[in-house]
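Colleague: Got a sequence here, can you build the structure:
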Amino acid sequence: MNSVLSDLLSLTSIISPCVVFGTCCFFLMKKSSVEAILMTIGSGIGLFITIFYAFLMPLLMAGQNLAYTEVSKYYSIVGIISFIASLCFAAGLLILVINTVKKQAVVHNHFPKSTDYNHD
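Modeller: Coordinates of the predicted model:
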């Protein structure tokens, strides 16, 4: 019973990356744009890294009795890949926010203001 509970608790770390990746895929299907592509790539790599950290790395360490130096090499490499994936996602999110703010400014400028009317 304790093993089942610990397995279920280890799955909770993968829920958030799955939701983010699914949302990015949905956004990419609806609007194929640079920001959607960057966010999908970043979140997809992030999901794979979460799976690596949560499931594959413990199996690899247990199965091969790796030394600390070997384990730290793997974590360093995966950390660099994770950093690049986070940069991709952040760049896509920044582009999305900038484009959204620009669109709102354009729409906002189309509405008449109270000073636009001639009160003569």
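
Colleague: C-alpha from now on. contacts and neighbour counts both.
Modeller: OK.

Colleague: Grab the most central residue of the protein for me.
Modeller: The chain has Ser43 as the residue nearest its centroid, 3.2 Å off, counting by Cα atoms, centre = their mean.

Colleague: Does that one touch Ile14 like I think?
Modeller: No - assessed by Cα atoms under 8 Å, Ser43 is found out of contact with Ile14, at 11.9 Å.

Colleague: Quick one: residues contacting the residue nearest to Val20 when sequence neighbours are not counted.
Modeller: In space, and not counting its chain neighbours, Val20 is closest to Ser43: 6.5 Å by Cα to Cα, 6 or more residues apart in numbering. Residues in contact with Ser43 (Cα atoms under 8 Å, 6 or more residues apart in numbering) are Pro17, Val20, Phe21, Cys24, Ala85, Ser86, Phe89.

Colleague: Lowest pLDDT pick from these?
Modeller: Lowest in pLDDT among those is Pro17, which has 92.

Colleague: Check the offset of the worst-scoring helix or strand of the chain on mean pLDDT from the chain's centre.
Modeller: The helix or strand of the chain with the lowest confidence, counting by mean pLDDT, DSSP states H and E, is helix 57-64 at a mean of 77. Chain-centre distance of helix 57-64: 26 Å, with Cα atoms, centre = their mean, to the nearest Å.

Colleague: Going by neighbour count, which residues of the helix or strand where Phe27 lies are buried?
Modeller: Assigned by DSSP states H and E, Phe27 belongs to helix 2-30. Using 16 or more other Cα atoms under 10 Å as the test for burial, helix 2-30 gives Pro17, Cys18, Val20, Phe21, Thr23, Cys24, Cys25, Phe27, Leu28.
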